[in-house]
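# Show me the folded form of this:
(one chain, ligands or ions: 3)
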Amino acid sequence: MTGVASPQPRPARFPFAMCTHHSETFARRRSAFLDAMAVASPSSVAVLPAAPVFVRNNDVDHEYRQDSDFFYLTGFDEPESVLVLDAQDRKATLFVRPRDKDREVWDGPRAGVDGAKALGADEAFVVSELDEKLPTMLQDKRRVYYRLGASRRFDDRLLGAIDRVKGRQRLGHTAPTEIVDPGAVLHEMRLRKSPVEIETMRTAAHITREAHELAMRRTRPGMHEYEVEALLLDTFRRHGSERPAYGSIVGSGPNACVLHYRKNDRRIDGGELLLIDAGCEFGYYASDVTRTFPVGRDFSREQQAIYELVLHAQEEGIAATRPGATLDEIHRLDVDIITRGLVGFGLLTGDVKELIEKETYKRFFMHRTSHWLGMDVHDVGAYFESGKPRRLEPGMVLTVEPGIYIAPDDDSVPPQWRGIGVRIEDDVLVTTAEPEVLTAGIPKTVDEVRRACAT
Ligand code: GLY
Ligand code: MN
Ligand code: MN
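Ligands and ions are numbered 1, 2, ... in the order given. The predicted structure follows:
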């Protein structure tokens with residue numbers, strides 16, 4: 001079921017293979033999902049609705065982005081669609097918007113029922129038939145894989161369908177008794193990236209690298225943060241990225257200390273650090289990169305000290321990203337490095353062990369070091385297994401992103417340290433050997449940053 005939203009042709013200048021998601025890719029994923037459903041409970045059906053459309057204001061919608069689970073299984077990017085998978089007869093049924101000549105004049109072509117079948121659905125119907133057909137698809141099944149709570153409106157439709165099956169009990173039909181989150185199966189699949197997914201993530205990483213390099217080269221004192229944001233977005237789009245993977249953070253001076261700063265409207269002064277946390281989405285896969293660099297001048301002594309400490313923690317964190325390790329171990333390693341460093345600078349005082357136990361370091365390093373990365377920037381997949389941090393396996397992709405943020409009004413530290421915010425973030429693939437940094441090559445050491453910047 002693809003062809004509708006497969007990635008754009010690869011920009012000619014990138015010397016790596018582009019991965020087009022083919023319809024077999026989606027068929028294979030549906031097949032693997034059906035296998036897992038059948039093993040857990042042969043009498044089961046999965047119901048996966050497309051992402052809803054959100055109104056922005058009056059008659060304007062927010063940009064539409066398909067639900068990641070739905071896209072992962074279909075490659076189909078049209079709203080209002082619903083995928084129903086039956087584990088017993090291994091059938092994929094797609095409910096879609098009908099063809100509509102008048103609407104298509106305004107909004108562009110729709111696949112329609114024929115298009116949905118051509119994309120690999122075993123059966124396809126217009127979505128207005130869902131309420132009538134769903135009870136029959138659910139009857140005599142024990143389990144429904146469905147994510148409750150994501151859309152109250154769709155919850156009502158599904159529960160309504162189950163109610164209608166209950167009304168058929170006198171005819172000898174039974175209604176499902178279990179509603180299970182499909183994430184338990186699907187998100188485990190999404191957590192381990194296939195070669196084609198990794199190749200797509202490499203493309204996203206390469207585009208993001210271009211964007212960060214351009215921002216370093218072009219940022220000057222007196223520019224506004226939004227001008228730098230515009231350079232990033234321009235680079236993403238020019239290379240065929242559909243959209244940023246999340247709202248770009250361009251924080252100068254004290255704004256570098258605001259973890260999810262989004263205004264991007266301040267004038268950048270010479271001698272300040274600029275923290276850019278931005279990554280493109282390409283072919284439905286995210287990249288997520290942070291670089292911090294000085295604008296118009298070299299690092300101050302204190303800026304450089306903090307920068308090198310974060311860099312050291314980040315490099316050690318990456319080196320520890322190996323099969324068998326856990327995100328918790330990587331985080332503890334970085335907490336240890338950063339706490340020791342801050343004590344060395346006199347910014348924290350006391351016994352390192354105690355500062356860690358009492359979480360005093362959180363005054364300067366208040367977030368975790370890593371998260372999964374994939375179709376969603378904070379990607380799906382369990383972080384714990386049986387209550388314990390899960391062990392890394394080849395094919396998993398995560399970020400390593402330690403940071404130090406000294407609040408501009410923190411009068412417990414000497415003034416020259418205040419308002420320094422540094423984060424360094426890369427995207428790392430776990431392999432059987434050395435970790436592969438997908439976002440490698442984006443200037444990172446002090447010398448690389450100096451050379452890349454316009455100072
Ligand atoms: N940009 C969000 C994050 O780094 O997790
Ligand atoms: Mn980030
Ligand atoms: Mn991140």
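
# okay, CA-based contacts and neighbour counts for the rest of this
OK.

# Need the nearest residue in space to whichever residue of the stretch 301-450 of the chain sits closest to ligand 2, chain neighbours excluded.
Among the residues of the stretch 301-450 of the chain, residue 425 lies nearest to ligand 2; the distance is 6.5 Å by CA to the ion. Leaving aside its chain neighbours, residue 425 sits nearest to residue 401 (4.0 Å; criterion: CA to CA, 6 or more residues apart in numbering).

# What does the residue of the stretch 301-450 of the chain closest to ligand 2 show for phi and psi?
When read as degrees, to the nearest 10, the backbone of residue 425 gives phi -140, psi 130.

# and residue 297, how many neighbours does it have?
For residue 297, the neighbour count with other CA atoms under 10 Å is 18.

# okay, now the residue of the stretch 301-450 of the chain closest to ligand 2: neighbour count?
Residue 425: 27 surrounding residues under other CA under 10 Å.

# residues touching it, list them.
When contacts are counted by CA atoms under 8 Å, 6 or more residues apart in numbering, residue 425 touches 288-291, 314, 399-402.

# let's see 10 Å
The contact partners of residue 425, taken as CA atoms under 10 Å, 6 or more residues apart in numbering, are 276-278, 288-292, 310-311, 314-315, 318, 369-370, 399-403, 439, 444.

# Please apply the same query to residue 292.
Residue 292 neighbours (CA under 10 Å, 6+ apart): 212, 216, 250-252, 256, 273-277, 307, 421-425, 443-444, 449.

# Inside strands: which ones of those?
Assigned to strands by DSSP state E, the following of these qualify: 250-252, 273-277, 421-423.

# I'd like those residues as TSV, with distance to residue 350 appended.
Converted to TSV, these look like this (distance: CA to CA, whole Å):
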residue	distance to residue 350
250	34
251	31
252	31
273	29
274	31
275	30
276	33
277	32
421	23
422	23
423	24
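
# For PyMOL, write the selection for the buried entries among these.
The PyMOL selection below is limited to those of these classed as buried (16 or more other CA atoms under 10 Å):
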select buried, resi 250+251+252+273+274+275+276+277+421+422+423
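
# Which one of the ones in strands among the contacts of residue 292 is nearest to ligand 2?
residue 277 (4.8 Å).

# For that closest one, which non-adjacent residue is closest in space?
Per CA to CA, 6+ apart, closest to residue 277 is residue 290, 4.1 Å.

# isn't residue 218 right up against residue 230?
No. Residue 218 is not in contact with residue 230 according to CA atoms under 10 Å; the separation is 11.5 Å.

# Those two - which one has more neighbours?
Set residue 218 next to residue 230 and count neighbours by other CA under 10 Å: residue 218 wins out with 16 against 13.

# any idea how far the more buried one is from residue 313?
Distance of residue 218 to residue 313, computed by CA to CA, to the nearest Å: 28 Å.

# show me where pLDDT drops low in the stretch 301-450 of the chain?
Within the stretch 301-450 of the chain, no stretch has pLDDT under 70.

# Strands of that one, start to end?
With DSSP state E, counting those that start in this stretch as the criterion, the stretch 301-450 of the chain has strands at 384-385, 388-389, 397-400, 403-405, 421-423, 426-429, 436-437.

# would you list those strands in TSV and tack on distance to residue 194?
What follows is the strands of the stretch 301-450 of the chain, written out as TSV (distance: least, CA to CA, whole Å):
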stretch	distance to residue 194
strand 384-385	22
strand 388-389	23
strand 397-400	11
strand 403-405	30
strand 421-423	29
strand 426-429	11
strand 436-437	15
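
# circling back: pretty sure the residue nearest to residue 277 is in a helix, no?
No. Assigned with DSSP: H, G, I helix; E, B strand; the rest coil, residue 290 falls outside any helix and is strand.

# so it sits right up against residue 249, yeah?
Yes. Judged on CA under 10 Å, residue 290 makes contact with residue 249 at a distance of 8.9 Å.

# Need the overlap of contacts for these two.
Residues touching both residue 290 and residue 249 by CA under 10 Å, 6+ apart: 275-279.

# show me what contacts the closest residue to residue 78 other than its chain neighbours?
In space, and not counting its chain neighbours, residue 78 is closest to residue 66: 7.2 Å by CA to CA, 6+ apart. By CA under 10 Å, 6+ apart, the contact set of residue 66 is 5, 49-53, 72, 75-81, 284.
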